[in-house]
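A.B. asks: Turn this into a model:
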Amino acid sequence: MSTAAHAMTAEELIKLPCGQHRYISPSESKHQVERKTAQWLQLGALSVWLVDPRSRTVEIRLVDGERKLLTVKDELSGEELIPGFRLAVSEIFTI
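C.D. replies: Presented below is the predicted three-dimensional model:
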């Protein structure tokens, strides 16, 4: 990604090295997802993005406990972590 701000593609999102995005596997229980999310936040992640292909949603969990649920009608923005990052949630599910 260049230093100039641009909309990030879904392919670029998948390749992010920051470790703060997570696709939820159909085989994972809600308890497993909650446990892993809490661990990442305790280990220093500022946010965790939970991508759920079943519901076609992205849930953002912030270190301060705030939660945001985005649907395919929304836009994912990581301005505080990745300047210039914007991605339509619907784009994630078109791959």
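A.B. asks: any chance you could map the helices in the protein?
C.D. replies: Listed in chain order, the helices of the chain (DSSP state H) span 10-14, 30-42, 89-92.
A.B. asks: which parts of the second one are buried?
C.D. replies: Using 16 or more other C-beta atoms under 10 Å as the burial criterion, the residues of helix 30-42 that qualify are 33, 37, 40-41. Heads up, the C-betas are built off the backbone N, CA and C, glycines and all.
A.B. asks: do the last one as well
C.D. replies: Of all the residues in helix 89-92, those buried under the rule 16+ other C-beta under 10 Å are 89, 91-92.
A.B. asks: which strands and helices sit next to it?
C.D. replies: Judged by 3 or more C-beta pairs under 8 Å, 6 or more residues apart in numbering; DSSP states H and E, the packing partners of helix 89-92 are helix 10-14, strand 57-62, strand 75-77.
A.B. asks: re the thing from before, out of the buried residues of helix 89-92, show me where the pLDDT dips lowest.
C.D. replies: Among the buried residues of helix 89-92, I92 carries the lowest pLDDT, at 88.
A.B. asks: any idea how far it lies from D74?
C.D. replies: 11 Å (C-beta to C-beta, to the nearest Å).
A.B. asks: Likewise for G84?
C.D. replies: Distance, G84 to D74, using C-beta to C-beta: 18 Å.
A.B. asks: cool, and K36?
C.D. replies: Applying C-beta to C-beta, the value for K36 to D74 is 23 Å.
A.B. asks: And the lowest mean pLDDT element among the helices and strands of the chain?
C.D. replies: Ranking every helix and strand in the chain by mean pLDDT, DSSP states H and E puts helix 10-14 at the bottom, with a mean of 51.
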